[in-house]
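Engineer: predicted model, plus sequence, below.
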Amino acid sequence: MKRLLALALLAAFASTTLTACNTVAGAGKDVQKVGEKVEQKAEDCKDMKC
């Protein structure tokens, strides 16, 4: 019984950890895209002297 409980807790912990990693990775990609757009806009303004 203890072994089954330990496996269940391990599975629950692993699933929440993996889900959190995917969420953080997705957020990181979104932030990276926003940063690229800001950088591109800054370059455009630099060239046009905005």
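Structural biologist: All right, it came through fine.
Engineer: C-alpha only now, for contacts and for neighbours.
Structural biologist: Fine.
Engineer: any low-confidence regions in the chain?
Structural biologist: Counting by pLDDT under 70, the chain shows low-confidence ranges at 49-50.
Engineer: now the helices for it?
Structural biologist: For the chain, the helices defined by DSSP state H cover 2-48.
Engineer: distance between stretch 13-33 and the chain's centre?
Structural biologist: Stretch 13-33 sits 4 Å away from the centroid of its parent chain (Cα atoms, centre = their mean, to the nearest Å).
Engineer: only alpha carbons, please: show it as CSV.
Structural biologist: Below are the C-alpha coordinates for stretch 13-33, written out as CSV (Å, rounded to 0.1, in the frame of the first residue of the first chain):
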residue,chain,number,x,y,z
PHE,A,13,4.4,15.6,-8.7
ALA,A,14,5.9,14.7,-12.1
SER,A,15,2.8,15.7,-14.0
THR,A,16,2.5,19.1,-12.3
THR,A,17,6.2,19.7,-12.8
LEU,A,18,6.2,18.9,-16.5
THR,A,19,3.1,21.0,-17.0
ALA,A,20,4.7,24.0,-15.3
CYS,A,21,7.8,23.6,-17.4
ASN,A,22,5.7,23.7,-20.6
THR,A,23,3.9,26.8,-19.4
VAL,A,24,7.1,28.6,-18.5
ALA,A,25,8.6,27.6,-21.9
GLY,A,26,5.6,29.0,-23.7
ALA,A,27,5.7,32.2,-21.8
GLY,A,28,9.4,32.6,-22.6
LYS,A,29,8.7,32.2,-26.3
ASP,A,30,6.0,34.8,-26.1
VAL,A,31,8.3,37.3,-24.3
GLN,A,32,11.0,36.6,-26.8
LYS,A,33,8.7,37.4,-29.7
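Engineer: contacts for that stretch?
Structural biologist: Applying Cα atoms under 8 Å, 6 or more residues apart in numbering, stretch 13-33 has no contact partners.
Engineer: which parts of that stretch are buried?
Structural biologist: Buried residues in stretch 13-33, defined by neighbour count with 16 or more other Cα atoms under 10 Å: none.
Engineer: repeat for stretch 34-50
Structural biologist: Going by 16+ other Cα under 10 Å, stretch 34-50 has no buried residues at all.
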